[in-house]
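Q: pasted the sequence and its predicted model underneath.
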Amino acid sequence: MSETPKPALLAYLRMLAQDAAPGQFFDVRWRGAGPGSRMSRRALPAHEVGRTARSIERLANASDVYLGVALREDASHGGKHAIAGSRFVFIECDRVDCSERLSAFALPPSMEIVSGTPGHLHLYWQLAQLASSQEVERANRRLSALLGGDPGCVDVARVLRPPETLNHKHRPPAPVLLRTYREARYSLVALSARLPDDPSPTVLRAKAGSVPRVVRGELERQLRAIPSARYAYVLAGAKPNRAGKILCPFHAESDPSLQLYADGSFYCFGSGCRRGGSIFDFAGHLWGITPRGTGFTELRDRLSDRFDLERAACS
């Protein structure tokens, strides 16, 4: 293997890390080609593009390699809790007419990856601004509906095959290639204006991994729309640092470990805490109220008073 990584892989990684903040990571995954091989992962600093490229190239000869589209905020795990949003929306497209559908779409993707299986594409649209995890997943669902993407592969924590690796599902292994690369950024509003309706609307999934909840009533919608930085300050007197973290009010600590997310949710990475969710979960932990049943109603009413919202908005 050469010391200098292949240009297509470097270009791909540089685009993903173009707006990386200090403390963000690439999430690299790999699985050996043999039967029964298990998935392994490694977090590498997003600003170390060359190191990440060399690591991927070393792994690619004997393993299927994958990379998280969204940068991670926490090196210890690669799930949704470690993601504060993304500057990319994306789909996996495995329909034979994907290229034909794509050619009719007015906003071409920033990157097109040939995944090694004939006709299968991974498509990325770079956004002009950071979008919340929920906004990314909503756009991914709508893109999938329009272009024939896999509706089961739209989650923000999705890992996809990077270019200049090998797809070991085939014999011989098939190359994964960067077919198209464009310095194109889109506003989420402009992109969304050309997409069909969300096939799975109004379902919010808490960061804590709780059961999805359908939003009921205008008052609940207004409360869930309150930014996490605002409710953390109003309810707990906590102001976030530059990384969007606060000292967790649910346990003693000297370094901020509770991450506030752009979609209005939170999650504490502190050892032994791992609390997370929405404004209702945050207030429930503070006030000792379980956010279910009559407890949820009590939380809703107390929060509406605290944030001066009209209870009559509830339907």
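A: Noted; the coordinates are in hand. Residues are numbered from 1 along each chain as shown.

Q: hang on, A157 packs against G78?
A: Yes: with contact defined as C-beta atoms under 8 Å, A157 counts as touching G78 (6.6 Å). No exception for glycine: its C-beta is placed from N, CA and C like everyone else's.

Q: joint contacts of the two?
A: Residues touching both A157 and G78 by C-beta atoms under 8 Å, 6 or more residues apart in numbering: G68.

Q: those two: who's more crowded?
A: Remark: of A157 and G78, G78 carries more neighbours, 22 against 19, as counted by other C-beta atoms under 10 Å.

Q: measure that one to L16 for me?
A: In this structure, G78 and L16 are 14 Å apart, going by C-beta to C-beta, to the nearest Å.

Q: before we move on, what about R274?
A: In terms of C-beta to C-beta, R274 sits 27 Å off from L16.

Q: settle it for me: which of these two has more neighbours?
A: A direct count of neighbours by other C-beta under 10 Å for R274 and L16 places L16 higher, at 25 against 13.

Q: who's in contact with the more buried one?
A: Each residue near L16 by C-beta under 8 Å, 6+ apart is listed here: F26, A46, L67, V69, L71, F88.

Q: pLDDT at it, what is it?
A: L16 is assigned 97 on the pLDDT scale.

Q: equivalent analysis for the one 4 residues further on, please.
A: Here, the pLDDT recorded for A20 equals 90.

Q: quick check, it in contact with L44.
A: No: in this structure, A20 is not within contact of L44 by C-beta under 8 Å, at 11.4 Å.

Q: look at those two and report which has more neighbours.
A: Between A20 and L44, counted using other C-beta under 10 Å, the more crowded position is L44 (20 against 17).

Q: so that one is in which element?
A: Using DSSP states H and E, L44 falls within strand 39-45.

Q: now for that strand, which elements pack on it?
A: Here strand 39-45 touches strand 25-32, helix 49-60, going by 3 or more C-beta pairs under 8 Å, 6 or more residues apart in numbering; DSSP states H and E.

Q: out of the contacts of L16, which end up buried?
A: The neighbour-count test (16 or more other C-beta atoms under 10 Å) marks F26, A46, L67, V69, L71, F88 as buried among those.

Q: low-confidence ranges, the stretch 201-315 of the chain, go.
A: 201-216, 310-315 (pLDDT under 70).

Q: redo that, cut-off 90
A: Confidence mapping of the stretch 201-315 of the chain against pLDDT under 90 gives the ranges 201-222, 224-225, 241-244, 252-255, 257, 259-264, 267-275, 291-293, 308-315.

Q: got the domain ranges for this structure?
A: The chain breaks down into these domains under automatic domain parsing: 7-192, 203-313.

Q: pick the most buried one from those domains.
A: Comparing these by mean neighbour count (mean count of other C-beta atoms under 10 Å), domain 7-192 ranks first with a mean of 18.

Q: tell me which stretches of this protein form helices.
A: For the chain, the helices defined by DSSP state H cover 7-16, 49-60, 98-103, 133-147, 188-192, 218-224, 228-236, 279-287, 294-306.

Q: identify whichever of the ones you listed lies nearest to L166.
A: When those are compared by C-beta to C-beta, helix 49-60 sits nearest L166, at 5.5 Å.

Q: who are the packing partners of that closest one?
A: So helix 49-60, by 3+ C-beta pairs under 8 Å, 6+ apart, packs with helix 7-16, strand 25-32, strand 39-45, strand 63-68, strand 165-167.

Q: for the second one, name the packing helices and strands.
A: Spelled out, it's strand 25-32. Packing contacts for strand 25-32, counted by 3+ C-beta pairs under 8 Å, 6+ apart, involve strand 39-45, helix 49-60, strand 63-68.

Q: and the shortest one, what other elements does it pack with?
A: Applying 3+ C-beta pairs under 8 Å, 6+ apart, one finds that strand 63-68 contacts strand 25-32, helix 49-60, strand 159-160, strand 165-167.

Q: state the mean pLDDT of the last one.
A: Right, the one you point to is strand 165-167. Mean pLDDT, strand 165-167: 97.
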